[in-house]
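K.L.:
Below are the sequence and a predicted model; questions follow.
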Amino acid sequence: GNVLTTATEINVTIDDNFVNADRQYYVFEAFVNGGEVTLDRDYVIGRPLFVDAEATLNLNGHKIITNVENQETDAIIVREGGKLTINGEGTIEAVSGTDGYAVISEGELVINGGTFKAGVDENGEANAVIYARGNGKVYVNGGVFPNEAESKYVLNKRDADNKTATIEVRGGRFFKFDPANNFAENPQQNFVADGFGSIKDGDWYIVEAANDCVDKGDHMEIYS
């Protein structure tokens, strides 16, 4: 609008932090309202991204990483009623802190690709990378889990929700973590789906189809 002042020069600048926050708001708006998000660059976030609707995240070769130490440092939380599908190559990483999970699912999480990392907690113990709680469902069809902290909680269900939460693995590469023989659960559980197997290759476990198909009674599942 009009500015009434004496003759002067007015310089308008936009603080870099404001640009980052504003850009992140619009880029990740689909997480709340439902839709597709394709990363156009790396994003450093100061608090978790919450998914309340049905959304798709295409990592597109980029990274989402948290930057807050010793607070709520989870990268993404899929809340009850939300669904998130993760595609493409890229990285989701939570730094060390009180939580520090890469993704928490209270709704439904489908992982088709990407690399997932978590830090350590305030006691120096490795955090879970993917965490299911409540009625949360996690379906891992691909992705890489480097497990640099050599955690036994790469895939983990909250103890109190052992009977209601679901984790099912049909693909992916896991470093020093066997999803078919998961000691994080009590008793230990096999997260690998019927018709698939966990194959040890050095320090890595690779999940792939063990059969061409599995008879589910009322339908056939074809994997080849």
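P.N.:
Now that the structure is in, tell me what you want to look at.

K.L.:
Show the residue spans covered by the helices in this protein.
P.N.:
For the chain, the helices defined by DSSP state H occupy 16-27, 30-33.

K.L.:
Mean pLDDT lowest where, among the ones you listed?
P.N.:
When those are compared by mean pLDDT, helix 16-27 comes last with a mean of 54.

K.L.:
Flag the shaky bits of the chain, pLDDT-wise.
P.N.:
Applying pLDDT under 70 to the chain flags the ranges 1-27, 30-32, 69-71, 97-99, 186, 224.

K.L.:
Just want the most central residue of it.
P.N.:
A centroid search over the chain (Cα atoms, centre = their mean) returns residue 103, at 3.4 Å, as the residue closest to the centre.

K.L.:
Isn't that residue up against residue 76?
P.N.:
Yes - counting by Cβ atoms under 8 Å, residue 103 does reach residue 76; the two are 4.7 Å apart. Bear in mind the C-beta positions are built from the backbone N, C-alpha and C, glycine included.

K.L.:
quick one: contacts for residue 194?
P.N.:
Residue 194 makes contact with 214, 221, according to Cβ atoms under 8 Å, 6 or more residues apart in numbering.

K.L.:
I misspoke; the intended subject was residue 114.
P.N.:
Counting by Cβ under 8 Å, 6+ apart, the residues that residue 114 touches are 59, 86-92, 143-144.

K.L.:
Need the buried ones from those selected in PyMOL.
P.N.:
To isolate the buried ones among the contacts of residue 114 in PyMOL, judged by 16 or more other Cβ atoms under 10 Å, type:
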select buried, resi 59+86+87+88+90+91+92+143+144
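
K.L.:
can you list the contacts of residue 114 in a markdown table and add distance to residue 180?
P.N.:
A markdown table is the format used below for the contacts of residue 114 (distance: Cβ to Cβ, whole Å):
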| residue | distance to residue 180 |
| --- | --- |
| 59 | 26 |
| 86 | 22 |
| 87 | 25 |
| 88 | 26 |
| 89 | 25 |
| 90 | 26 |
| 91 | 25 |
| 92 | 23 |
| 143 | 16 |
| 144 | 17 |
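
K.L.:
between the contacts of residue 114, which is closest to residue 51?
P.N.:
residue 86 (10.4 Å; Cβ to Cβ).

K.L.:
so who does that closest one touch?
P.N.:
By Cβ under 8 Å, 6+ apart, the contact set of residue 86 is 56-57, 59, 92, 103, 109-114, 143.

K.L.:
got it, and residue 191?
P.N.:
For residue 191, the contact set (Cβ under 8 Å, 6+ apart) comprises 140, 155, 167-169, 179-180, 182.
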